[in-house]
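J.: sequence unknown, structure follows:
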């Protein structure tokens with residue numbers, strides 16, 4: 001079924017806002033791109049006409065407006081200190097600190113993360129996927145531009161995000177909230193390496209987006225909102241149920257899956273920068289995230305549908321075919337490790 005024209009309009013507006021931020025060298029144009037992005041996602045959030053979705057959209061609007069105001073304040077301080085609005089020339093330390101705080105709020109980095117799980121839990125799967133992936137691009141690029149002058153702040157935000165994302169997801173049973181905490185932890189890894197190698201941060205962002213889109217596509221297909229409902233969907237979608245543990249372990253960073261690539265390269269870069277203690281803390285904190293991914297994997301593999309034996313569920317459920325984008329995302333989530341030389345050559349060329 002094709003999307004109605006008004007939905008296509010808002011999706012194209014999302015692309016316009018992100019593209020405007022990507023191509024801007026002027027702070028006001030970049031700020032306008034962020035605002036276009038924020039306003040375009042709101043109609044998609046309230047399209048389900050549910051009270052929880054409206055509440056989530058109001059929270060998102062208030063948080064994004066606050067972040068935009070902080071960023072605009074920082075850019076004005078920078079323009080007052082430098083005499084121009086060029087993004088690449090940030091000489092005022094206070095202005096850069098304020099801008100990074102606003103971008104951290106927009107990205108949902110800890111300790112400014114409390115809004116993200118609640119907003120993602122209140123939306124449907126498709127909108128939650130957009131919030132977790134596409135909406136991160138524009139503020140992430142701006143963070144890459146301004147974070148080089150405040151390495152200590154980027155490293156602090158990264159370590160706190162990895163620890164908070166791992167600890168908060170341990171006892172979580174709601175899949176959307178769990179993926180929100182996963183997003184916080186993965187953004188922490190990107191913040192650790194952002195000031196040393198933007199290319200590694202982009203590789204980590206790309207692989208995170210592929211894996212997250214795949215897991216949200218799986219949840220949307222199976223209509224699963226909790227760990228238990230996902231585990232009990234094997235009778236309807238046996239292929240996806242088999243593939244889902246591999247996707248989760250890829251998010252956790254286990255070799256030889258694709259998610260191992262960014263963590264391996266980031267730890268290697270931190271060691272090369274003589275930040276061995278930070279690399280050790282990040283690796284140990286990543287075990288927290290790996291724990292709740294393993295817990296979901298255990299539930300998927302060891303919990304079966306009650307009152308059925310053998311292949312009985314296949315008689316009662318009408319199985320649906322898996323579409324091509326889901327197949328492609330699944331292959332990329334678990335099979336990109338052999339393409340590591342090609343990826344590094346593409347991003348570092």
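T.: Cool, the structure landed. All values reported here derive from a predicted model rather than from experimental measurement.

J.: tell me the domain boundaries of this protein?
T.: Split into domains by automatic domain parsing, the chain comes to 1-142, 150-349.

J.: So, low pLDDT: which residues of the stretch 201-349 of the chain?
T.: Along the stretch 201-349 of the chain, segments meeting pLDDT under 70 span 303-324, 348-349.

J.: So which residues of it form helices?
T.: Ranges of helices within the stretch 201-349 of the chain are 227-231, 238-252, 260-272, 276-302, 313-316, 324-335, 340-348, based on DSSP state H, counting those that start in this stretch.

J.: what residues does stretch 161-177 touch?
T.: Residues outside stretch 161-177 that contact it (C-beta atoms under 8 Å, 6 or more residues apart in numbering) are 109-111, 113, 117, 120-121, 123, 125, 128, 178, 181-189, 191-192, 219, 224-228, 230, 282, 285-289, 291-292. Every C-beta, even on glycine, is put in place using the N, C-alpha and C of the backbone.

J.: What's the PyMOL line that selects buried ones from those?
T.: Selection command for PyMOL covering only the buried members of those, criterion 16 or more other C-beta atoms under 10 Å:
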select buried, resi 109+110+113+117+120+121+123+125+128+178+181+182+183+184+185+186+187+188+189+191+192+219+224+225+226+227+230+282+285+286+288+289+292
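
J.: among the contacts of stretch 161-177, which are in strands?
T.: Applying DSSP state E to these, no entry is found in strands.

J.: how near is residue 150 to residue 109?
T.: Separation of residue 150 from residue 109 (C-beta to C-beta, to the nearest Å): 13 Å.

J.: Kindly report the same for residue 46.
T.: Distance from residue 46 to residue 109, counting by C-beta to C-beta: 26 Å.

J.: next one: residue 210
T.: Applying C-beta to C-beta to residue 210 and residue 109 gives a distance of 21 Å.

J.: for residue 80, same thing?
T.: 26 Å.

J.: repeat for residue 156
T.: For residue 156, the distance to residue 109 - C-beta to C-beta - is 10 Å.

J.: Show me how far stretch 106-125 is from its chain's centre.
T.: Computed by C-alpha atoms, centre = their mean, to the nearest Å, the chain-centroid distance of stretch 106-125 equals 10 Å.

J.: Surely residue 54 is in contact with residue 46?
T.: Yes - using C-beta atoms under 8 Å, residue 54 is in contact with residue 46, at 5.5 Å.

J.: Tell me which helix or strand the closest residue to residue 92 other than its chain neighbours sits in.
T.: Counting by C-beta to C-beta, 6 or more residues apart in numbering, the nearest residue to residue 92 once its immediate chain neighbours are dropped is residue 81, at 3.7 Å. Assigned by DSSP states H and E, residue 81 falls within helix 51-82.

J.: helices or strands next to that helix in the packing?
T.: helix 27-45, helix 93-107, helix 115-121 (3 or more C-beta pairs under 8 Å, 6 or more residues apart in numbering; DSSP states H and E).

J.: What's the mean pLDDT across the first one?
T.: The predicted model gives helix 27-45 an average pLDDT of 92.

J.: Would you indicate which residues of stretch 68-76 are buried?
T.: 68, 70-72, 74-75.

J.: Export those as TSV, with columns for pLDDT.
T.: Below are those laid out as TSV (pLDDT from 0 to 100):
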residue	pLDDT
68	94
70	95
71	94
72	93
74	92
75	92
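
J.: Out of those, which is nearest to residue 241?
T.: residue 68 (41.3 Å; C-beta to C-beta).

J.: For the nearest residue to residue 204 once chain neighbours are set aside, give me its contacts.
T.: Spatially, and ignoring its direct neighbours in sequence, residue 204 is nearest to residue 262 (3.5 Å; C-beta to C-beta, 6+ apart). For residue 262, the contacting residues are 189-190, 200, 203-204, 207-208, 253, by C-beta under 8 Å, 6+ apart.
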